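A.B. asks: sequence-free structure coming up:
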């Protein structure tokens, strides 16, 4: 994970590798640590090779925290994470 500050209030967080049960908490802690430092956050997951369902719940948590902090949140899911996110979103909708 790496953060690039493209503007005084814009953090672009780039993630590469795999997101699974072993490191999902690390992803969440890292992104939440940047949250109060910016007004806009872009999370780039296009370099992620594997994205577990645990990552979906981490992104849901991050999204809700961004709303509370009044931070604009943009997700660039990429192919792998995008597929998992679509499946999780559909399952989540059917559960309600």
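C.D. replies: Cool, got the structure. Quick caveat, the model's predicted, so the values are computed rather than measured.

A.B. asks: drop to CA atoms for contacts and neighbour counts, all remaining ones
C.D. replies: Noted.

A.B. asks: and residue 44, what does it touch?
C.D. replies: The contact partners of residue 44, by C-alpha atoms under 8 Å, 6 or more residues apart in numbering, come to 12, 13, 14, 15, 75, 76, 77, 78.

A.B. asks: chain center to the biggest strand by length in the chain: distance?
C.D. replies: Longest among the strand segments of the chain by residue count, using DSSP state E, is strand 40-51. Averaged C-alpha coordinates place strand 40-51 at 6 Å from its chain's average position (C-alpha atoms, centre = their mean, to the nearest Å).

A.B. asks: give me the mean pLDDT for that strand.
C.D. replies: Across strand 40-51, pLDDT averages out at 97.

A.B. asks: and stretch 19-27, by the same measure?
C.D. replies: Per-residue pLDDT values over stretch 19-27 give a mean of 96.

A.B. asks: and that stretch, how far out from the chain middle?
C.D. replies: Here stretch 19-27 is found 11 Å from its chain centre; the criterion is C-alpha atoms, centre = their mean.
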